[in-house]
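Enquirer: how does the following fold in three dimensions:
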Amino acid sequence: MQHSYRVARFALVLAACVWWISVPEIVPHAQRGATIMEIQGSGDISPLVNQSVTTTGIVTASFQEKPTAATGFYLQDPQGDGNPATSDGIFVFEGKDHPVLVKPGDRVTVTGVVMEFRGMTEIAVKASPMTVQVVGRGEPVPAPVLLAPPANETDAARYYEAREGMLVGVPDNVPVVGPTTRFNEFVVNIAGDAGRIFQRDVPATTGALLAVGDQGGIVRAANVGDRSGGMVGPLSFAFGVFRVDPVSPYIVTRGADTSSAVGFVLDPNQWTLGSFNVENFFDATLGPGDDKDSTPTPDAYRTKLAKLSAAIAVQLNAPTVLGLMEVENIGVLNDLVAQPLLAPYGYRPILIEGLDPRGIDVALLYRADRVRVTSEPTTFNACVELNDNAYPPATNPFGKQDYCTTSTGKAGNYLFPRPPLVVHLAVSQGRESSAALPVTVVVNHFKAKSGDDPEKQNFTTRRTAEAQAIVRYVDGLIQNGEPNVAVIGDLNDFPNTPPIETLTGGTTAGSSLRDVVTEADLPYTYVFAGQSEILDHILLSRGLAQSFVDIEITHFDADYPDSLAENAAVPNRVSDHDPPVARFRVVSG
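Expert: Numbering: from 1, shown residues only. Predicted coordinates for the structure are as follows:
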């Protein structure tokens, strides 16, 4: 996975199971009365933050009684103050206890402390008849405000902020641009005609993106390309994204299935190279570092093997060489290549255990009918003094292995928790052919974006340092007479970022690699929060680029809902990444 944090980043999971513990002690009588609009204010942060207040409004949505609820309810002033810059609604956070149950149409007076929780203004109360009082029943619920945000991200943030906590409506028939996640959320683009949003186009086009959640008890499985709309619910904000949780039924209309497979028709002088993050490829045996999320049941493991073998054999058209990320051990690869769909290709696996606390490694599969390994595979690493909280503390039993002493005697940690796998190959035209292309493949899985909240890029420095290490290594390979080098893998960053530009924008052979994934027809390998983006790369040295023919990205994962991961009948969503596959000539000319 290593990217589930990215989904969780915009999930409105208000940490209900623990957050209530930290709610400040509420005094029985408010220090002051305030309208909801005065509490919200006209900026991002309430002018009354950390103050105890009493306010009154109409309940528009109650999420008190659902097990996955946001542990509170939404309150709205029915008249407002006429100021378009101040919101008329607010979330009342109660924690785990709800001694006073409320429902839409109740007029409620609350006493609590104004808080800013992950960017959303709310009133935190310790629910009791003293702090939550129903003073009226059956009143009209304020009409939802139909959302029409500007496309520009900055302008849209101000637009949404002025409606935070209010009951809102989503226009009909808008496109789904982010599939349903394991948190039961998907993303729509309210500027419907714009369709898919690419990360390369931000921030000018992302203002109209809106997450649709399940706090109202309604769950829909949505693909990218579906259409939806007509949702009504409260507008909230968390993990860098605005979100609506529908409180009444709505429809998702299925779009055309755009699942794609490699269309290459290879001639004997051609071969293919792919890169595939296979997302938590663990066996069903509990091992060191495993947790409940990384140890599947035997049935789930069989499903993973069936889906993954179909993905490689059919969707990827059995690549000649395939780099893999997020693999637990060599055993799962042996199980994989023995699957009926893959066995005829004679794949052989390579994996060298790394240092990742979760036990995930990079690996490589190659077809023995076309490929020879010409020297012992290896990895490389470095002990660095780089304190970016990328690792568990040294007291963590699964973090100790990541710590080391630098050459200057200082405490450090290893640069790569998943060290690059280096495999020297000879790719031939077939068993009977003497013609062969020598290729060195470096398989990578850079530090995850976990902690990049949302675009602070906390670990960009580490990924850049990893890229610099790759540059030095590739420069050494080429200087030692190995001109055909491919650097592949999930590099966890976009083409227009420092880590990738370190590999592509320099003057040395290792720093001027050609990122051919950007040349694909639909250049994205991952979908996050409604943005289609490139995280997976195939970078070529100048020598290998002379043999490059073309590239395809097979889109059968990133656009599909997480629920399909359990469906063994289809390869879709075996991972959260779409793998790119590049085609080459064995002999130039």
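Enquirer: tell me the average confidence for the longest helix along the chain?
Expert: Under DSSP state H, the helix in the chain containing the largest number of residues is helix 460-479. Mean pLDDT, computed over helix 460-479, is 96.
Enquirer: check which helices and strands it is in contact with.
Expert: If you count contacts as 3 or more Cβ pairs under 8 Å, 6 or more residues apart in numbering; DSSP states H and E, helix 460-479 packs onto strand 436-445, strand 485-490, helix 498-504. Yep, even glycine has a C-beta here, placed from its N, CA and C like the rest.
Enquirer: what is the orientation angle of it with strand 485-490?
Expert: Here the directions of helix 460-479 and strand 485-490 differ by 160 degrees (axes from the mean of the first three to the mean of the last three Cα atoms, to 10 degrees).
Enquirer: what angle sits between helix 460-479 and strand 436-445?
Expert: Computed by the same axes, to 10 degrees, the angle between helix 460-479 and strand 436-445 is 160 degrees.
Enquirer: when you give positions from now on, start the count at 58
Expert: I'll keep to 58 as the first residue from here, and by that count the last item is helix 517-536.
Enquirer: deepest of the helices and strands packed on helix 517-536, which one?
Expert: Greatest average neighbour count among these goes to strand 542-547 (a mean of 28), per mean count of other Cβ atoms under 10 Å.
Enquirer: name the residues that touch the longest helix of the chain?
Expert: 437, 439, 441, 443, 445, 447, 472-473, 477, 479, 497, 499, 501, 503-504, 509, 542, 544, 548-550, 554-557, 559-560, 563, 565-568, 570, 598, 600 (Cβ atoms under 8 Å, 6 or more residues apart in numbering).
Enquirer: okay, and for the stretch 408-557 of the chain, where does confidence drop off?
Expert: 444-458, 488-490, 507-515 (pLDDT under 70).
Enquirer: go with 50
Expert: Within the stretch 408-557 of the chain, the ranges that satisfy pLDDT under 50 run 509-513.
Enquirer: quick check: buried residues in the longest helix of the chain?
Expert: If you call a residue buried by 16 or more other Cβ atoms under 10 Å, then helix 517-536 has these buried ones: 517, 519-528, 530-532, 534-535.
Enquirer: out of the contacts of helix 517-536, which end up buried?
Expert: Counted by 16+ other Cβ under 10 Å, the contacts of helix 517-536 give 437, 439, 441, 443, 447, 472-473, 477, 479, 497, 499, 501, 503-504, 509, 542, 544, 548-550, 554, 556-557, 559-560, 563, 566-568, 570, 598, 600 as buried.
Enquirer: who wins for proximity to Gln108 among the helices and strands packed on helix 517-536?
Expert: Closest of the helices and strands packed on helix 517-536 to Gln108 is helix 555-561, at 41.8 Å (criterion: Cβ to Cβ).
Enquirer: which other helices and strands contact that closest one?
Expert: Counting by 3+ Cβ pairs under 8 Å, 6+ apart, helix 555-561 packs on helix 517-536, strand 571-572, strand 593-597.
Enquirer: okay if I get these as TSV plus distance to Ala468?
Expert: Output for these, formatted as TSV (distance: least, Cβ to Cβ, whole Å):
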stretch	distance to Ala468
helix 517-536	16
strand 571-572	35
strand 593-597	32
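Enquirer: tell me how far Ala526 lies from Asp283.
Expert: 42 Å (Cβ to Cβ, to the nearest Å).
Enquirer: Leu597 too?
Expert: Distance from Leu597 to Asp283, by Cβ to Cβ: 36 Å.
Enquirer: next one: Asn374
Expert: As defined by Cβ to Cβ, Asn374 lies at a distance of 27 Å from Asp283.
Enquirer: Pro637 now?
Expert: 24 Å.
Enquirer: ok, now Tyr307?
Expert: Taken as Cβ to Cβ, the span from Tyr307 to Asp283 is 12 Å.
Enquirer: what about those two, which has more around it?
Expert: Neighbours per residue, other Cβ atoms under 10 Å: of Tyr307 and Asp283, the larger number sits with Asp283, 23 against 18.
Enquirer: contacting residues for that one?
Expert: Counting by Cβ under 8 Å, 6+ apart, Asp283 has contacts Pro232, Val233, Val309, Thr310, Arg311, Gly312.
Enquirer: spatially, what comes nearest to it if we skip its sequence neighbours?
Expert: In space, and not counting its chain neighbours, Asp283 is closest to Val233: 4.3 Å by Cβ to Cβ, 6 or more residues apart in numbering.
Enquirer: in the sheet, who's paired with that neighbour?
Expert: Val245 (DSSP bridges).
Enquirer: show the pLDDT at it.
Expert: Value listed for Val233 in the pLDDT field: 95.
Enquirer: could you measure from it over to Glu242?
Expert: Applying Cβ to Cβ, the value for Val233 to Glu242 is 11 Å.
Enquirer: if we can go back for a sec, Serialize the helices and strands packed on helix 517-536 to JSON lines and add fields for distance to Glu122.
Expert: As requested, the helices and strands packed on helix 517-536 are arranged in JSON lines below (distance: least, Cβ to Cβ, whole Å):
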{"stretch": "strand 493-502", "distance to Glu122": "42"}
{"stretch": "strand 542-547", "distance to Glu122": "41"}
{"stretch": "helix 555-561", "distance to Glu122": "46"}
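Enquirer: out of those, the one nearest Ala142 is which?
Expert: helix 555-561 (36.6 Å).
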